[in-house]
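Student: predicted model follows, preceded by the sequence.
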Amino acid sequence: MTEKTMEKKPPEAASEDSKTAQAVPPQSESKAETMLSLPDMLGLEAPQSHEPILSGHPDAQTKARLLYNYCIASERKVTESVHILYTIAEHYAGDNPNELDSPEVINGIPRFFNSLTAREKSEFCYNQVTEALSREALPVTVNSLLATRRTDPNDRTSSAAGRFVQRVTRYVSYTLLILLLLFAVYSLWNSLVPQEWQVGKDTDFIQWASWIAFGCVGALVHLLNHALTATRMKTFELSEERKVWPRLLLGGMFGFVVPWILMTSSALDLEAGLAVGSVAAFFGGYSVRFSIALLERLLQALLPETKPNG
């Protein structure tokens, strides 16, 4: 009895709050209490009681909640109109919601709002919230928030971004393991066979294979670093998964081309050439811009500049 008396607001306070919201009739005390309790439920996170499971295409409620929570948590600008729209959407998304009195006076709600069903009203308000917050949250998008959202807070691989990072990490580990196995086979072969059958370090096949492998490692490290940064910044997109094999192809190609041009255009001894070639192959695979810029400088140094006559 005492707790109910303390929680219940006096009629004067309820009337003032309803006038400020402009969406709750002052004569309905039950409606006012329902409306006024919604902002307290929001906080920094949206209510999780009736949140849909993220499968397939996200619905309007999921998109609005993700963007609203992100903007609130990252202290981005959320106007009062968006707050009220979100509150109305949450109200109509509940079970058997009470009808609000003339909410169309709020900016963003049209005159035909009262003719919609409760589900249509909530979806309309959620879409308005998503449209308003999408511009504020850029470069973060709904898709990036969905990709970086964990279904289990304690499991990093419960999000699409976490699973991508785990998969690329495995690719890096497998590539390094293959390099170690090849080096072990190479060393074992040279230690067991006669000298005339031994394979030298200056063999073209050995150099080319190591360059391509280091280029692939550089490309994978680039993908891993970008995925970790994008996950932390909430900007990871699912389209990153389609870039793995093209990036590996580019990494292997530049990992071969860059050190090959360096070796043919410089007078380095064998040991220094192998070290420089491996480092150049890694950076050639890691950064496409680095590779293109380096090739342009080499071409400018090797080829004479042609100047127009006159």
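Tutor: Perfect, thanks for sending it.
Student: any idea which residue sits dead centre in this structure?
Tutor: The centre of the chain sits closest to residue 236, judged by CA atoms, centre = their mean, with a distance of 1.4 Å.
Student: how about that residue, secondary structure?
Tutor: Of the three states, residue 236 takes coil under DSSP: H, G, I helix; E, B strand; the rest coil.
Student: for it, what are its contacts?
Tutor: Counting by CB atoms under 8 Å, 6 or more residues apart in numbering, residue 236 touches 144, 147-148, 160-161, 164, 227, 230. Any C-beta I mention is one placed from the backbone N, CA and C, and that applies to glycine too.
Student: which of those residues ranks first by neighbour count?
Tutor: residue 161 (27 neighbours; other CB atoms under 10 Å).
Student: that residue in helix, strand or coil?
Tutor: Per three-state DSSP, residue 161 ends up helix.
Student: distance of it relative to residue 126?
Tutor: The spacing between residue 161 and residue 126, counted by CB to CB, to the nearest Å, is 24 Å.
Student: same thing with residue 187?
Tutor: 63 Å.
Student: and what of residue 74?
Tutor: To residue 126, residue 74 is 20 Å away according to CB to CB.
Student: same check on residue 293?
Tutor: Residue 293 is 47 Å from residue 126, by CB to CB.
Student: now do the contacts for residue 141.
Tutor: Residue 141 touches 134, 235, 237, counting by CB under 8 Å, 6+ apart.
Student: just the buried residues out of those residues, in PyMOL syntax.
Tutor: A single PyMOL command selects the buried members of the contacts of residue 141 (16 or more other CB atoms under 10 Å):
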select buried, resi 235+237
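Student: from the contacts of residue 141, pick the one nearest residue 177.
Tutor: Closest approach to residue 177 among the contacts of residue 141 (CB to CB): residue 237, at 29.5 Å.
Student: pull the contacting residues for that closest one.
Tutor: 141, 143-144, 147, 230.
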